[in-house]
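S.K.: sequence-free structure coming up:
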């Protein structure tokens, strides 16, 4: 499936003709933003924690590309445990403002407009339990100019009814961008839901002793 999808993406990039050739930047990457209440990327290298998510609830994140020059196509691939969540139709190439419980909190999502210019077409969508693949492209016209940050995708999953706040879910996001038949793989990142860590330095001595075995 992935091989055929790669072929489709190459065809999409060839169709997405631009007057400017794709110029990859060695700094090019992407980041995941889980702060949906505020527009734009908030900064930092890691997404804000997503905790307190229970059964039948939404998990959402925005994908921002970083230092990518002149592109007019993006490929999004998601992978997760299908027993814990499913792909939701709220996903797409824009974020509309709505009041919703998502990422364990009640928020009003901030609207995001895609950095790709013009009408965006989705081609080659494949939805399966635990995975999602799609190519989004502007067929013809100008490529998106180089910029520090640019929003490209909104991903939303809905947890299963049996999912609890004690369950941990990992969502792997892979992004490829391109222009005029030339593509650049920006790699993959994993968003983890309901994984909390405790700094041992913040514990009291009594809490530490309670976790030690008697020898």
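M.R.: Received the coordinates, thanks. Predicted, not measured: the structure shown is a model, and the values here were computed from it.

S.K.: which residue ranges form the strands in this protein?
M.R.: Along the chain, the stretches classed as strands by DSSP state E are 29-33, 58-68, 73-79, 85-87, 99-102, 105-108, 121-128, 131-137, 147-159, 169-179, 182-193.

S.K.: Residue 40 is nearest to which of the ones you listed?
M.R.: Among the strands of the chain, the nearest to residue 40 by CB to CB is strand 147-159 (7.0 Å). Every residue, glycine included, has its C-beta placed from N, CA and C.

S.K.: circling back: now for the strands of the chain, which one comes closest to residue 49?
M.R.: Once those are compared by CB to CB, strand 182-193 is nearest, at 8.5 Å.

S.K.: now that closest one: how far from the chain's centre is it?
M.R.: 8 Å (CA atoms, centre = their mean, to the nearest Å).

S.K.: which residues does the residue nearest the centre of the chain bridge with?
M.R.: In the chain, the C-alpha nearest the mean C-alpha coordinate belongs to residue 63, at 4.3 Å (CA atoms, centre = their mean). Partner residues in beta bridges with residue 63, using DSSP bridges, are residue 32, residue 153.

S.K.: do the same with residue 188
M.R.: residue 174.

S.K.: now the one 4 residues further on
M.R.: Here residue 192 shows beta-bridge partners residue 170, assigned using DSSP bridges.

S.K.: So in the chain, where's the weakest helix or strand by average pLDDT?
M.R.: helix 205-210 (a mean of 41; mean pLDDT, DSSP states H and E).

S.K.: quick one: low-confidence parts of the protein?
M.R.: Across the chain, the ranges flagged by pLDDT under 70 are 1-26, 44-46, 140-148, 180-181, 197-215.

S.K.: What is the neighbour count of the nearest residue to residue 150 once chain neighbours are set aside?
M.R.: Once flanking residues are discounted, residue 150 sits nearest to residue 115: 3.1 Å by CB to CB, 6 or more residues apart in numbering. By other CB atoms under 10 Å, the residues close to residue 115 number 18.

S.K.: Kindly report the same for residue 113.
M.R.: Using other CB under 10 Å, residue 113 has 10 other residues around it.

S.K.: Let me see the contact set for the closest residue to it other than its chain neighbours.
M.R.: Counting by CB to CB, 6+ apart, residue 113 lies nearest to residue 94, which is 6.3 Å off, once chain neighbours are set aside. Residue 94 is in contact with 111, 112, 113, 114, 154, counting by CB atoms under 8 Å, 6 or more residues apart in numbering.
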